[in-house]
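J.: Just the structure for this:
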Amino acid sequence: MKPLVDAARAKGMMIATAESCTGGMVSAAITDTPGSSEVFDRGFVTYTNAAKEQMLGVHAATLAAFGAVSEEVAREMATGALAYSQAQIAVSITGIAGPGGSEHKPEGRVCFGLADVQAVRTETVEFGALGRDKVRQAACDHALGMLIAALSQPVCSPSQAHQ
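T.: Coordinates of the predicted model:
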């Protein structure tokens with residue numbers, strides 16, 4: 001993950017992660033890279049709903065209304081990771097790695113959140129019933145890609161912002 005570490009270093013930004021179904025895989029992938037201590041603040045592994053509430057400030061009402069595997073929860077996880085860290089960008093992951101799932105929320109559905117100090121965006125990816133290990137790895141890779149893409153975008157200067 002040298003490209004991610006290099007991009008964060010170039011922007012002077014710290015990263016936080018909020019992970020459920022990946023259980024810390026994104027944090028591990030980042031911290032496997034030499035120099036990551038300059039850009040990685042912390043990771044939250046919030047596997048249970050109670051952990052999501054206690055560690056990230058996810059609202060019980062959001063969990064009740066939408067379920068843990070939802071873009072609404074991914075949004076609150078990402079914003080919570082920013083609020084409870086020193087990071088300027090955070091990614092969140094919540095999904096159903098399998099086995100199992102339901103007709104409404106099938107195996108392989110993973111919701112992501114990406115928050116920075118200006119905005120939050122969410123998305124859902126249907127990886128399909130690839131098996132637990134492959135869904136978790138695909139989700140980890142996708143989250144890392146989201147971070148790299150966000151950190152690789154040019155920053156507009158104050159003079160450009162008014163054009």
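J.: contacts, neighbours, all on C-alpha from now
T.: OK.
J.: Contact partners for the residue nearest to Ala138 when sequence neighbours are not counted?
T.: Excluding the flanking residues, the one nearest Ala138 by Cα to Cα, 6 or more residues apart in numbering is Phe127, at 7.5 Å. Phe127 sits next to 108-110, 135, 138 when contact means Cα atoms under 8 Å, 6 or more residues apart in numbering.
J.: now, which of those residues lie within helices?
T.: Using DSSP state H, the members of the contacts of Phe127 that fall within helices are 135, 138.
J.: which pair in the contacts of Phe127 spans the largest distance?
T.: Of all pairs drawn from the contacts of Phe127, the greatest distance, 10.9 Å, lies between Arg109 and Ala138 (Cα to Cα).
J.: ok, back up a step: redo the contacts of Phe127 as JSON lines? Include neighbour count and distance to Met14.
T.: Output for the contacts of Phe127, formatted as JSON lines (neighbours: other Cα atoms under 10 Å; distance: Cα to Cα, whole Å):
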{"residue": "Gly108", "neighbour count": "26", "distance to Met14": "29"}
{"residue": "Arg109", "neighbour count": "22", "distance to Met14": "28"}
{"residue": "Val110", "neighbour count": "30", "distance to Met14": "24"}
{"residue": "Val135", "neighbour count": "25", "distance to Met14": "27"}
{"residue": "Ala138", "neighbour count": "19", "distance to Met14": "23"}
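J.: all strands in the protein, in order from the N-terminus.
T.: Here the chain has its strands, by DSSP state E, at 15-19, 40-45, 89-95, 109-116, 120-126.
J.: Same list (the ones you listed) but as a markdown table, adding distance to Val58.
T.: Output for the strands of the chain, formatted as a markdown table (distance: least, Cα to Cα, whole Å):
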| stretch | distance to Val58 |
| --- | --- |
| strand 15-19 | 11 |
| strand 40-45 | 13 |
| strand 89-95 | 12 |
| strand 109-116 | 13 |
| strand 120-126 | 15 |
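J.: Just send these back as a markdown table, with distance to Met77 and mean pLDDT too.
T.: Putting the strands of the chain into a markdown table (distance: least, Cα to Cα, whole Å; pLDDT from 0 to 100) gives the following:
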| stretch | distance to Met77 | mean pLDDT |
| --- | --- | --- |
| strand 15-19 | 6 | 98 |
| strand 40-45 | 9 | 98 |
| strand 89-95 | 6 | 98 |
| strand 109-116 | 7 | 98 |
| strand 120-126 | 11 | 98 |
